[in-house]
Structure formats: structure tokens, C-alpha cells
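In: Test case, fold it:
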Amino acid sequence: MDEKLKRYQGIFPAFYACYDDTGRVSTSRTKSLAKYLLAKGVTGLYVGGSSGECIYQSVEERKTILEAVMDAVGGKLVVIAHVACNNTADSCELARHAESLGVDAIAAIPPIYFHLPPYAIADYWNAISAAAPNTDFIIYNIPQLAGVALSTQLLQEMAKNPRVIGVKNSSMPTQDIQMWRDATERELVVFNGPDEQLLSGLAAGAVGGIGGTYAAMPELYERIFTLVRGGGILPARDIQDACCHIIYKMCSGQGNMYAMIKEILRLRGAPDIGGVRAPLYPLQPGDEAIAASCAADIDAAIAQFCC
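Out: Take a look at the predicted model:
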């Protein structure tokens, strides 16, 4: 692997939005969460993505969050900033801002709502990349939310841009990871997206993972990564099974999964980072018991597999 790409090997929690008690972005809580994850030994952070509730934040709020993260852990963790917005101009503004802070890479989903042709998507991504000419660019493939899927032809077109170094692949077919690895003549990195299949993604050649539940139980995902790298597929499968069962339980409440995760973090001694922003649904009566059960399951799995 190219030396400059090796820094992307590992576990990257998708960073959560941190709000104060009134629902405003909290820089102090953002810094606290970043430092908490640094202490957990993760490779890096993916800031401003789906788990960060970016779709419900203003450009200025997203700048504030990234500034707080970089102030807390810049130079200590690999930071990938997701900069896509609903229009090209705002996306480019966030890209320029991210580069000015010294992030390692920027990332972007394709344009959403209107289903644009591949050449328009390529123009959008290349415009964002051009706004940060000294920063790596990662394509974010999440067809179930973006409404459009990355294709081999589009990836090959994007690979003409030397700043494009890889794909965050959140499509469900693990085969896509192999397809993206084989699609271009030059080496690209692929990150596994779906947390439920980190093991499968790594086996298919992903260099690491970027996941929305990683911050809730980073110890378990780090252990999966270490075991797979050492050839320990069977013990890694046991941990993956445990993670999947916890995820299923997280999603069994009425409140949004990220509201559940933020409660789990509090119960496990992590910083209080507030709730979720409407229209995401907050925790409802009975959800706290589910969160407590998830927290207990995480602690038990860590004791079983990581000690």
C-alpha cells in the first residue's frame, strides 16, 4: 500500500452532533467527545456525516463543529470531514474551510433529492475537491439515503482526479468493496460503512471502517479490526455477532438510534452530548431501559472479548 494511504487503516467513529441543553451546537461537548474517542485508541474521526446530523445543521454550525474537533484532536487523530451540502457553493465553502484547518481528507455524498446523471455528479464532486486542492477526497457511497449509487464507470471517471483516494462504502452488498478495489488502475482505499458487516468488509479488502455505532463501543470494533488483520476470523466473528445483537437492540426503541446511542454513552461514562435535533425523534418512555440494557451488553462484551 502507498505510504500516504496507510494512515487510513483502522477504525473511524462517525462523530456525533454535540448539543447543549437548549439544542444549540456545543463546542465544549464536541471537544469532550473528541478527546474521549482519542483516549479509546481509535485511528481517526469522520466528522459532519450522517451520524453527525449534518442534514439538519447550518454551514456555520458545521464549521464550528469541525473547528472544535480539530482544536481538540487535530494532529493526534486522522480527521475526515464530510462537507457535502444540498448545493455546490456551500459544499465548496465547507471544503475550503476544512482544508484551512488541516484535515486529512474531505468526503462527500452525491447530490440528493434530484436524481442527477453521472456526469453531473462527477462535476459536483470535482468542484468540491478543487475547493480543497491540497486535501485528499473520499467518495461517500450511501445509495439507500442519497438515492443514487456509485457505479464502476463513475468511480473510474473520478479516479482521473489525483486527489480522489478512496470510497466510504455504505451500500449493503459487501461485493461492492471488491468492485471498487478492482475498478481503477491506481490504488484506492475502501472503507466499510455498514457496522453490521465490518468483519465481512475487512475480509473483502476494506482498509478499515467508518461507522455510526463505533463511538458507542469502540473497543469491540477495534478488536475486530485487530483480529482480522492477524487472521483471526473466527474469534472476530463472535465479536461481530455481539455488535450486531446490540445494534438490533439499539434500533428497537421508539426514539431515533442516535438518541439511543447518546443515552448509552452517558450510561457508560462518556461525555453528555445532548439529544438529537428535530425532526429526529427523541427517546420515548421505555427507551431508557433499552439503552441501559445495551450499555450492559457492551460492557459484558468488552469484558469477554477485550480483556
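In: which residue sits closest to residue 261, ignoring its sequence neighbours?
Out: residue 216 (4.8 Å; CB to CB, 6 or more residues apart in numbering). Using the backbone N, CA and C atoms, a C-beta is placed for each residue, glycine as well.
In: residue contacts, the one you found?
Out: 250, 261, 264-265, 268, 294, 298 (CB atoms under 8 Å, 6 or more residues apart in numbering).
In: And for residue 149?
Out: By CB under 8 Å, 6+ apart, the contact set of residue 149 is 141, 143, 171.
In: circling back to that earlier point, so which of the contacts of residue 216 wins on neighbours?
Out: The most crowded member of the contacts of residue 216 is residue 294, carrying 27 neighbours; neighbours defined as other CB atoms under 10 Å.
In: Go ahead and confirm that residue touches residue 264.
Out: Yes: under the criterion of CB atoms under 8 Å, residue 294 makes contact with residue 264 at 5.2 Å.
In: Identify the contacts common to these two.
Out: Contacts common to residue 294 and residue 264, judged by CB under 8 Å, 6+ apart, are 216, 250.
In: Strands of the stretch 51-200 of the chain, start to end?
Out: In the stretch 51-200 of the chain, the strands defined using DSSP state E, counting those that start in this stretch lie at 78-82, 105-108, 136-141, 164-169, 189-192.
In: can you put the ones you listed in CSV and add mean neighbour count and distance to residue 56?
Out: Listed next are these as CSV, based on neighbours: other CB atoms under 10 Å; distance: least, CB to CB, whole Å:
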stretch, mean neighbour count, distance to residue 56
strand 78-82, 27, 14
strand 105-108, 26, 17
strand 136-141, 24, 17
strand 164-169, 25, 20
strand 189-192, 26, 24
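In: Among those strands, which comes closest to residue 65?
Out: strand 78-82 (9.4 Å; CB to CB).
In: Residue 280: which of the contacts of residue 216 is nearest?
Out: residue 261 (11.6 Å).
In: And the helices in this structure, which stretches?
Out: Counting by DSSP state H, the chain has these helices, from start to end: 27-39, 59-73, 88-101, 118-130, 143-146, 152-158, 175-182, 198-203, 218-229, 233-250, 257-267, 287-305.
In: Put the alpha carbons of the helix or strand bottoming out on mean pLDDT in the chain into PDB.
Out: Within the chain, confidence by mean pLDDT, DSSP states H and E is lowest for helix 143-146 among all helices and strands, at a mean of 89. Taking Å, rounded to 0.1, in the frame of the first residue of the first chain, the C-alpha atoms of helix 143-146 are listed here in PDB:
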ATOM      1  CA  PRO A 143     -27.400   4.800  -2.100                       C
ATOM      2  CA  GLN A 144     -30.100   3.900   0.400                       C
ATOM      3  CA  LEU A 145     -30.100   7.600   1.700                       C
ATOM      4  CA  ALA A 146     -28.700   9.500  -1.300                       C
END
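In: hmm, who's touching it?
Out: Outside helix 143-146, the residues touching it (CB under 8 Å, 6+ apart) are 50, 109-110, 112, 149-150, 170-172.
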